[in-house]
Structures are given as C-alpha cells and as structure tokens.
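J.: attaching a predicted model along with its sequence, questions to come.
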Amino acid sequence: MVLIKFLHLLSLVVWIGGIIFFSFIAAPSIFKVLPRETAGDVVGDIFPKYWLMGYICSISALTTIMMLSYLERAYPWVRIGLLVFMTGIVFYSGLVVGANARDVKAQIRIIEDKAQKEILAAEFKRLHRRSAILNSSSGKFPAACCVENGILYV
C-alpha cells in the first residue's frame, strides 16, 4: 500500500510541478528570449510532450486513488470526482484544443490571403485563450486532491 500511495503522490507532484514549471518559468522565458514566431515553434514542440505527461499523470493518479480507495474501504468521492474532471480537461485540452490550434497555426503559415490570415489569427487567439484557461485551472484541481481541509492526503 505504501508503494501505491507513493505513486499517487508522485503522479500529482509531477503533474502539478509540470504545470507550474511550464506556465511560470519555461513558457515566459522562451517568449522573452526568442522571437515570437520561433518561441511559438518551440512551445508548439513542447506541448505534445507536456500533454503526454498530463495524460500519464492523470491516469496514474486516478488509478492509484481507486486502488487506495478499494484497499482502505474508504472512497473520497470529492477527490475522485476532481481527478475524473481534471483527466477529462487534460485530454480535451491536448486532443481537441491543442490539435485545433496546431491545425490553425499550420494554415496561417501557408495561406497568402491577408484577410483569411487575419480570420485564422483570430481563431488561433481564441484557441490559445481557451488553452490558457484550461491549463490554469488544471493545476488547481490536482492540488485540491492533495489537500483537503488543510490536511495533506496521500
């Protein structure tokens, strides 16, 4: 049971730590030191790996909390519900929003018509905003799964 608790906490720490590192250190630094288009390419290359980390950590956290719940005969439904919700957000963010953003970005690069480029740029901005909102919320809910009533749960 100790190993399952360790894996559960590890998945949450890697998940939350990755979100914090990417959002507050990596992305801002990349956009600060590189030209905007190059920075976008770098971040675009990082995102699939970032989402993969989220997929693995969310599934791991969900699996281990279910295993712990079964073994301890205690079902923390709020934490389980939050993890299910956040797993859905991570998969939606990567597989839907991220995929759409990549497609729009690719179209922007090949289209010559200025008016069409502006329409696509507005669509990319909308998708980017949605992605940022999902990303900022995705760090809060796993953290809530670790702390309940001021007590750290593992």
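T.: Thanks, I have the structure now.
J.: what element comes up after the helix or strand harbouring residue 61 heading to the C-terminus?
T.: Here residue 61 is covered by helix 36-72, with elements defined by DSSP states H and E. Where DSSP H and E defines the elements, the next helix or strand beyond helix 36-72 is helix 77-92.
J.: list the contacts of the helix or strand following that following helix.
T.: Per DSSP H and E, the first helix or strand lying C-terminal to helix 77-92 is helix 98-110. Helix 98-110 is contacted by residues 40, 44, 47-48, 51, 117, 120-121, 123-124, 127-128, 131 when judged by C-beta atoms under 8 Å, 6 or more residues apart in numbering. In this view, the C-beta of every residue, glycine as well, is placed from N, C-alpha and C.
J.: pull the most distant pair out of these.
T.: Greatest spatial distance in the contacts of helix 98-110: 51 and 117, 26.8 Å, computed using C-beta to C-beta.
J.: so for those two, which sits in the more crowded spot?
T.: residue 51 (19 against 15; other C-beta atoms under 10 Å).
J.: give me the nearest residue to the more buried one, chain neighbours excluded.
T.: Distances taken as C-beta to C-beta, 6 or more residues apart in numbering place residue 94 nearest to residue 51, at 3.2 Å, with adjacent residues excluded.
J.: next, count neighbours for that neighbour.
T.: 19.
J.: dump the residue contacts of it.
T.: Residues in contact with residue 94 (C-beta under 8 Å, 6+ apart) are 47, 48, 51, 52, 54, 55.
J.: just residue 81 next, same as before
T.: Counting by C-beta under 8 Å, 6+ apart, residue 81 touches no other residue.
J.: roughly how far does it sit from residue 57?
T.: As judged by C-beta to C-beta, to the nearest Å, residue 81 and residue 57 stand 17 Å apart.
J.: how about residue 83?
T.: According to C-beta to C-beta, residue 83 stands 10 Å off from residue 57.
J.: so for those two, which residue has more residues nearby?
T.: When neighbours are counted by other C-beta under 10 Å, residue 83 comes out ahead of the other of residue 83 and residue 57, with 27 against 24.
J.: what is the neighbour count of the nearest residue to the more buried one once chain neighbours are set aside?
T.: Take residue 83 and drop its neighbours on the chain: the residue closest to it by C-beta to C-beta, 6+ apart is residue 62, 4.8 Å away. The local packing of residue 62 (other C-beta under 10 Å) involves 18 other residues.
J.: surely residue 62 is in contact with residue 85?
T.: No: in this structure, residue 62 is not within contact of residue 85 by C-beta atoms under 8 Å, at 10.5 Å.
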